[in-house]
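**Student:** Sequence and computational prediction follow.
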Amino acid sequence: MDAAAAPGAAAGGQQQQQPAPPRAERLNGEVQSQLNLEGMRARAVGLYKAISRILEDFDAIARVNPSGSPKWQDVLGQFSMVSMELFNIVEDIKKVNKGFVVYPRNVNAENAAILPVMLSSKLLPEMEVEETTKREQLLSGITNLPVPSQMEKLKARIDMIANACETAERVIAECRKTHGLGARQGANLGPMLDKAQAAKIQEQESLLRAAVNYGEGLRVSGDQRQMHSSLPSHLMEVLATGDGAHNFGDNSGAYPKNTPAFSPNNVNAQGNPMQASGGQLLGRSAPSPGTAGTPNFENVSTPPMPYANSPRSGTNMMNTPSPQQHLTPQQQRQKLMQASQQQQQQLRPSAAGMLAQSSVPQLQDLQGQAQQKVAGQQQMQYSQAQALSQFQNRQMQAARMQPGMSQSQLNQGNQLRSHLGQFTGAANSAMFTAAQASSNSQMMANIPGTMQTMQSQSMMPQMQFGLTGGHPQRSHQMMTDQMYGMGGANTTSMMGMQMQQQQQQQQQGLYGNMQGGGQSLQQQGMVGLQNQQQNQMQGGGQSLQQQGMVGLQNQQQNQMQNQMQNQMQNQLQNQMPNPNFSQQRQQNQQ
Amino acid sequence: LTFFFLWVCTMQHVEALEVLLQGLSGVPKERVRVHELCLKSVPMLGAVPSEVRLLCDLAQPTPSWTIRHVGGAMRGAGAEQISILVRTIVESKASSNVLRYFYGIGYKLDHEILKVGFAFRFQRGAQFTVTVTSANKMPKLHATDEAVQVTPGIQLVEITAPAAANNYNDVVSAVTSFCEYLAPLLHLSKPGNSTGIVPTAGAAAASLMSSGGAKTL
């Protein structure tokens, strides 16, 4: 506080002067006459005490009654008193400021830096700017005149303003008196309301009271009570079937559903009307409009349904009809095996074909084809074992390692499993490899989730084959006894196939190791393929470091390589001495 | 449970009132958005029509329903002397099926109202709940998004506190003294009586707002 500092400084100054008797100085005579130092000090101390007393009172009140507060009147009174006293002190000191210099007594590390700034009388830069602008404003009109006339003009202005203030104050005081307000209240008085306004307000008030208490003015005639088309959310599920009397029995079981936020996925997926998640439940027990979408249920048991509609599924259809896809890839694989590899794409009308196309060179087409295939497949294998589809779904969910690709591969594998029995292992593996190649890393980026689903399914079986020796770990999620069994069963055929493929591949120099290669794949897609696969894929423990899919990819790529013609050399690297390897694998599988 | 009610109407100085309540209560305000459905029983269900109110709290992310039954008010000479309305209220939380249920047992929707505003809950001799809301009516059935104010510019201030049969005197005094704090801004009265405006409301509101908010010392 300035007041505190100034008396302190003044007192200090005096004290410093006094202890130095040889240089005992007296305060300048003028100053002394004008400034009663002792008195000033007394006042300062008194003020300090008053303030601390007031603060103590506040604390006491707060302690006694935690939620209590001092009365406003008292507080304001005390405050005004204190501030007046302070003002007086400051005024007195200002008169004699010139006689004193502030001498800092308490200099320590922290304020040493700031002291010069505080003691300086030079304005801060921004303050200086302010001052100059204000000065310009003031003197804008009269800077040309000689200084005395400037002073006169300014004085005139000041007088005018003072007069205006005086009259304003008078008016305020009068108003206060008339309104009976104390002198302490705010000067802001609202306008008095005239009779008409008061009456209106009265009337509104009674309206409001009637409305809230008795509902007057809120009753809606019968015809207006049609159910609104869009109910607010909290009423949606409650009034799904409209207003009026409902049998309580409609609610199948008392679902204590306070939340309209029934899993929206399900609602949407099933095509139920958005109206009521409760309606959805109702739909199960009673025919409600939403059940149209539930054919999905038939295909897949309910638990996987949420998964089916999980974020992965941009397309519900894609997930659930996974079992449908079984046949297609198998069939296609067979064809592929027989036809030249270059024709693989054409050979696969359905998803399997998609897989083929997805082989490296044709990644571009993959998406389109995949989609086609998918569609085809959807229709197809509806009859597939639902258990299988469920399993696939689960695996899809379980093996959700990489977006789409891996899972899709898995699923495909699942689906393919059933096919494996039907088709030769070779065919399957070929299909797989092709599928894998397609759905492999390159696919990954492009393929929409559904596509990947498709592919993965076809890929699965291959993976199993490929991984036989090496990595039970790898596909343990996906591998089931079925798979192994199938793998075993198809050993010979596979072998044969592989042999063929290998030969073909060798001719082109693109030998990939079908199964083994997959195992050592360290990533999905090409990159992994690049690394290892050079004859390293032996049935033994190939560290397929990614999901089986990866392995599958490798395999596919190997097979695809024939077609590829070095477009994707990375993929070509899985070169394995297949015959032995596959044998080994299959044996392991068995 | 017995609840006290003091009902009030205030003029536009809602913000000032909010500031004042905030200072007096010391708790942050809560948003209030309640869809109140008043159901009445059909005559055939009994000699006396009974009324029940369903309140759906829309302020929370999950709407929650409450059933409230308003009983008769305390009558008699004693009631006249007390400046507060004392009446019996039974409240209960319910599931979202409550509306269906009541429809099912024969109640019909009498009227519905949407109350939007804020509330303060604090302890000050009694458990106070001060609610400042604007009553809105819905042009179409249940169209809470299209609600318009019944009386634009005027809001309803309710002060309620629960009490038991034996301590309601204390609660009465607590509520009354609390209402004195609000005297500069508004007049409170029993639900049946009309209050009018407080002449000093404008000044009080202005002073409350200008000081940047009353701070509890």
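**Tutor:** On my side now, so go ahead. Numbering: from 1, shown residues only, chains lettered A, B, ... in the order given.
**Student:** so the residue nearest in space to the middle of chain B is in which element?
**Tutor:** Nearest to the geometric centre of chain B sits residue B:158, at 3.8 Å (Cα atoms, centre = their mean). Using DSSP states H and E, residue B:158 maps to strand B:155-163.
**Student:** likewise residue A:128?
**Tutor:** Per DSSP H and E, residue A:128 falls inside helix A:125-138.
**Student:** re the thing from before, other SSEs contacting the strand holding residue B:158?
**Tutor:** helix A:195-214, strand B:2-10, strand B:127-137, helix B:168-181 (3 or more Cβ pairs under 8 Å, 6 or more residues apart in numbering or on different chains; DSSP states H and E). C-betas here are computed from N, CA, C, even on glycine.
**Student:** Tell me how far the spatially most distant residue from the centre of chain B lies from chain A.
**Tutor:** The centre of chain B is farthest from one residue, residue B:44, which by Cα atoms, centre = their mean lies 31.0 Å away. Distance, residue B:44 to chain A, using Cβ to the nearest Cβ, to the nearest Å: 13 Å.
**Student:** what's around the closest residue to that residue other than its chain neighbours, how many residues?
**Tutor:** Nearest residue to residue B:44, sequence neighbours excluded (Cβ to Cβ, 6 or more residues apart in numbering or on different chains): residue B:106, at 7.7 Å. For residue B:106, the count of nearby residues is 13 (other Cβ atoms under 10 Å in any protein chain shown).
**Student:** Pull the residues that contact the helix holding residue A:128.
**Tutor:** Outside helix A:125-138, the residues within contact range by Cβ atoms under 8 Å, 6 or more residues apart in numbering or on different chains are A:122-123, A:154.
**Student:** Give the rounded mean pLDDT of that helix.
**Tutor:** Throughout helix A:125-138, pLDDT has a mean value of 84.
**Student:** picking up where we left off before, in this structure the residue nearest to the centre of chain B contacts residue B:128, no?
**Tutor:** No. Counting by Cβ atoms under 8 Å, residue B:158 sits too far from residue B:128 to count as a contact (10.7 Å).
**Student:** Helix, strand, or coil at residue 66?
**Tutor:** Let's take chain A. coil (DSSP: H, G, I helix; E, B strand; the rest coil).
**Student:** oops, chain B please
**Tutor:** strand.
**Student:** need the contact list for it.
**Tutor:** Shown in contact with residue B:66 (Cβ under 8 Å, 6+ apart): B:54-57, B:91-94.
**Student:** Of these, which one scores lowest on pLDDT?
**Tutor:** residue B:91 (84).
**Student:** That residue contacts residue B:68, doesn't it?
**Tutor:** Yes. Taking Cβ under 8 Å as the definition, residue B:91 is a contact partner of residue B:68 at 4.9 Å.
**Student:** and the longest strand anywhere in chain B, which residues are buried?
**Tutor:** Scanning chain B for the longest strand, with DSSP state E as the assignment, gives strand B:107-123. Of all the residues in strand B:107-123, those buried under the rule 16 or more other Cβ atoms under 10 Å in any protein chain shown are B:107, B:109-120, B:122.
**Student:** same thing with stretch A:43-59?
**Tutor:** Neighbour counts over stretch A:43-59 (16+ other Cβ under 10 Å) mark A:43-44, A:47, A:51, A:54 as buried.
**Student:** Include pLDDT when you put those into CSV, please.
**Tutor:** Shown next, in CSV, are these (pLDDT from 0 to 100):
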residue, pLDDT
A:43, 83
A:44, 84
A:47, 85
A:51, 87
A:54, 84
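**Student:** Filter the residues you listed down to the ones in helices?
**Tutor:** A:43-44, A:47, A:51, A:54 (DSSP state H).
**Student:** that older thread, out of the buried residues of strand B:107-123, which touch chain A?
**Tutor:** Contacts with chain A within the buried residues of strand B:107-123, counted by Cβ under 8 Å from any Cβ of the partner chain: B:109-113, B:122.
**Student:** from these, which single one is nearest chain A?
**Tutor:** residue B:111 (3.8 Å; Cβ to the nearest Cβ).
**Student:** Run through the bridge partners of the residue nearest to the centre of chain B.
**Tutor:** Taking DSSP bridges as the rule, residue B:158 bridges to residue B:7, residue B:131.
**Student:** Kindly report the same for the one 4 residues further on.
**Tutor:** Bridge pairing for residue B:162 (DSSP bridges) gives the partners residue B:3.
**Student:** what about it, how many neighbours?
**Tutor:** 16.
**Student:** Repeat that for the one 10 residues further on.
**Tutor:** The criterion is other Cβ under 10 Å. On that basis, residue B:172 has 20 neighbouring residues.
**Student:** if I read this right, it contacts residue B:125, doesn't it?
**Tutor:** No. With contact taken as Cβ under 8 Å, residue B:172 and residue B:125 are classed as non-touching, separated by 10.3 Å.
**Student:** For stretch B:147-165, what is the distance to the chain centroid?
**Tutor:** Computed by Cα atoms, centre = their mean, to the nearest Å, the chain-centroid distance of stretch B:147-165 equals 3 Å.
**Student:** Can I get that stretch in CSV, CA atoms only?
**Tutor:** Written as CSV, here are the backbone C-alpha positions of stretch B:147-165 (Å, rounded to 0.1, in the frame of the first residue of the first chain):
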residue,chain,number,x,y,z
ALA,B,147,-41.7,-25.4,-26.2
VAL,B,148,-42.4,-21.7,-25.8
GLN,B,149,-42.7,-19.8,-22.6
VAL,B,150,-46.1,-19.5,-21.1
THR,B,151,-45.2,-16.1,-19.8
PRO,B,152,-42.2,-14.7,-21.5
GLY,B,153,-40.1,-12.7,-19.2
ILE,B,154,-41.5,-14.1,-16.0
GLN,B,155,-39.9,-17.0,-14.3
LEU,B,156,-41.0,-19.0,-11.4
VAL,B,157,-39.0,-19.3,-8.3
GLU,B,158,-39.7,-22.2,-6.0
ILE,B,159,-38.2,-22.7,-2.6
THR,B,160,-38.8,-26.1,-1.1
ALA,B,161,-37.5,-27.9,1.8
PRO,B,162,-38.5,-31.2,3.2
ALA,B,163,-39.6,-31.6,6.8
ALA,B,164,-41.1,-34.2,9.0
ALA,B,165,-44.2,-33.7,11.0
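**Student:** Give me the buried positions along it.
**Tutor:** Buried, per 16+ other Cβ under 10 Å, within stretch B:147-165: B:147, B:150-151, B:154-163.
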